[in-house]
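> Make a model of this:
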Amino acid sequence: MITKNPSYPYRVHTHEKPFWDGILRGLDERLNQARELVGADASEPRRFLLVQLAGARDQVYEMARRLPGEVGELYEEDRHKLEQAVAAFDRVAAKLGD
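Model prediction:
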């Protein structure tokens, strides 16, 4: 019988991984669409927005990768960061769509 250290926190959010993977896939699709929309001939500001979009996607990736394994305050902090990164992605994507 394997005993578990009682001070080792139980990971209760591992079931969320498919959900966050789905969010990430959706952002990847939107990023690829934005890249096609902007293209190589885009003006400097639009290329800059595309870089910002990719950066927000990378932040979401990092948080989505870590979030299911986090516990307690670390989970809450990473979830907040992930939600903020998704909101930033949406804001930049809206600017690109204008």
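
> what separates stretch 36-46 from the chain centre, distance-wise?
Distance of stretch 36-46 from its chain centroid, counting by CA atoms, centre = their mean, to the nearest Å, is 23 Å.

> Now do that stretch: distance from first to last residue.
Terminal residues of stretch 36-46 lie 12 Å apart, using CA to CA, to the nearest Å.

> How about residues contacting that stretch?
With CB atoms under 8 Å, 6 or more residues apart in numbering as the test, stretch 36-46 has contacts from 47, 49-50, 96. All C-beta spots, glycine's among them, are computed from the backbone N, C-alpha and C.

> Swap in 7 Å and give it another go.
For stretch 36-46, contacts defined as CB atoms under 7 Å, 6 or more residues apart in numbering pick out 47, 50, 96.

> now swap in stretch 68-75 and tell me
With CB under 7 Å, 6+ apart as the test, stretch 68-75 has contacts from 9, 11, 13-14, 16-17, 20, 67, 78.

> What pLDDT does the model give Q84?
Looking at Q84, its pLDDT is 94.

> show me where pLDDT drops low in the chain?
Applying pLDDT under 70 to the chain flags the ranges 1-3, 5-6, 40-41, 98.

> 90 instead, please
Counting by pLDDT under 90, the ranges of the chain that qualify are 1-16, 34-48, 66-75, 96-98.

> Buried residues, the top helix by length along it. List them.
In the chain, taking DSSP state H as the definition, the longest helix is helix 72-97. Of all the residues in helix 72-97, those buried under the rule 16 or more other CB atoms under 10 Å are 75, 78-79, 81-82, 85-86, 88-89, 92-93, 96.

> Check the offset of it from the chain's centre.
That offset, for helix 72-97, works out to 7 Å (CA atoms, centre = their mean).

> just stretch 48-63 next, same as before
With CA atoms, centre = their mean, you get 8 Å for stretch 48-63.
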